[in-house]
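> here are the coordinates; sequence isn't available:
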Ligand code: GLP
């Protein structure tokens, strides 16, 4: 903070200079995840700037996810998020994936109901216009971190009561002998729109991975058509490749 005082002539607003010097200290590892920041008053005194300026810089960094504020105990460098490494060679469910990592899973419901199918759903699920589609849309949260928004569509014949699936779609399908055994998954890049970004607790426009999964029963029948967005800062998809053409 003393350097801030010395380099105070650079022209940029003071709060921006302070923000940059804190960002720099985090980047260079001078302060690490979980470390406490000195109090606003201490920073203000050391850098010879007003507390309002300090607060503005700190609030910017909290918004940007660099710092976290805990009520009553102060301001800390945000914990670095562990990226989830997800194998692309096994057909597993979100609940299974997270449980294997020892993470606590929960979901926030965004939609669950029976609807007239969209043209996409009719085509992929092989539904007639007169049939209904069951939609199950959830924000998937692991260890209190929102990781993905998943919007699954299934035939209402397979899932007549989408509200009754409990915490795992695949467990519910398994219970009726409809667990998929094969899937085709397409992953593409996306910038998160405002609504999705808010749900995933990241800035609008942040990087996301759009994932479309069409999964099949052993009979070859399509059972699930799911369109998801995963947080780009949280996921690595990993596939094993073998020599061949
Ligand atoms: C994965 C897949 C989804 C699938 C979901 C089921 O995340 N990307 O296509 O619907 O798992 O998860 P669960 O059984 O936890 O509801």
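Yep, that arrived. Everything numeric in this text was worked out from a predicted model, so none of it was measured.
> which parts of this protein sit against the ligand?
When proximity is defined as Cβ under 6 Å from any ligand atom, the chain approaches the ligand at 93-95, 150, 152, 168-171, 213, 224, 226, 228. For the C-beta atoms, the positions are set from N, CA and C on the backbone; glycine is no exception.
> now do the contacts for the residue nearest the centre of the chain.
Centroid-nearest residue in the chain: residue 147, 2.7 Å away (criterion: Cα atoms, centre = their mean). By Cβ atoms under 8 Å, 6 or more residues apart in numbering, the residues touching residue 147 are 84, 140, 141, 200, 230, 231, 234, 235.
> at 10 Å instead, please
Shown in contact with residue 147 (Cβ atoms under 10 Å, 6 or more residues apart in numbering): 81, 84, 94, 97-98, 103, 105, 139-141, 200-201, 228, 230-231, 234-235.
> strands - which of the residues you listed land there?
If you go by DSSP state E, these have 84, 105, 139, 140, 141, 228, 230, 231, 235 in strands.
> need those in TSV (columns: pLDDT and neighbour count).
Formatted as TSV, these follow (pLDDT from 0 to 100; neighbours: other Cβ atoms under 10 Å):
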residue	pLDDT	neighbour count
84	86	19
105	93	19
139	98	18
140	97	21
141	95	21
228	98	22
230	96	22
231	95	24
235	89	18
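> closest to the ligand among these?
residue 228 (5.5 Å; Cβ to the nearest ligand atom).
> distance check, the closest one against residue 200.
Taking Cβ to Cβ, to the nearest Å as the measure, residue 228 falls 11 Å from residue 200.
> between the two, which contacts overlap?
With Cβ under 10 Å, 6+ apart, residue 228 and residue 200 have common neighbours 140, 147, 148, 149, 208.
> do you know the pLDDT at the second one?
Same thing as residue 147. Looking at residue 147, its pLDDT reads 95.
> is it within a helix or a strand, and which one?
Remark: residue 147 resides in strand 145-155, with elements defined by DSSP states H and E.
> that strand pairs with which strands, parallel or anti?
strand 133-142 (antiparallel), strand 222-231 (antiparallel) (DSSP bridges).
> where does pLDDT dip in the protein?
Residue ranges of the chain with pLDDT under 70: 1-10, 80-81.
> now do 80
1-11, 27, 64-65, 79-82 (pLDDT under 80).
> what about the strands in it?
67-70, 74-77, 84-87, 105-115, 133-142, 145-155, 182-191, 207-216, 222-231, 235-238.
> how many other residues sit next to residue 56?
Here the count is done by other Cβ atoms under 10 Å, and residue 56 has 17 residues near it.
> quick one: residues contacting it.
Per Cβ under 10 Å, 6+ apart, neighbours of residue 56: 13, 14, 15, 16, 18, 19, 50.
> which of the residues in stretch 132-149 are buried?
Within stretch 132-149, the residues that count as buried by 16 or more other Cβ atoms under 10 Å are 132-142, 146-149.
> start and end of it, how far apart?
End-to-end distance of stretch 132-149: 22 Å, with Cα to Cα, to the nearest Å as the criterion.
> one more: stretch 123-141?
Span of stretch 123-141 from end to end, Cα to Cα: 30 Å.
> next: stretch 40-55.
7 Å.
> which parts of that stretch are buried?
Quick answer for stretch 40-55 (16+ other Cβ under 10 Å): 40, 43, 44, 47, 49, 53, 54.
> these two touch, right, residue 159 and residue 225?
No. Assessed by Cβ atoms under 10 Å, residue 159 is found out of contact with residue 225, at 11.9 Å.
> ok, the two, which is more surrounded?
Neighbour count, other Cβ under 10 Å: between residue 159 and residue 225, residue 159 has more, with 27 against 21.
> excluding chain neighbours, what is closest to residue 221?
residue 126 (7.7 Å; Cβ to Cβ, 6 or more residues apart in numbering).
> sorry, wrong one. I was asking about residue 69.
Nearest to residue 69 is residue 75, by Cβ to Cβ, 6+ apart, at 5.1 Å.
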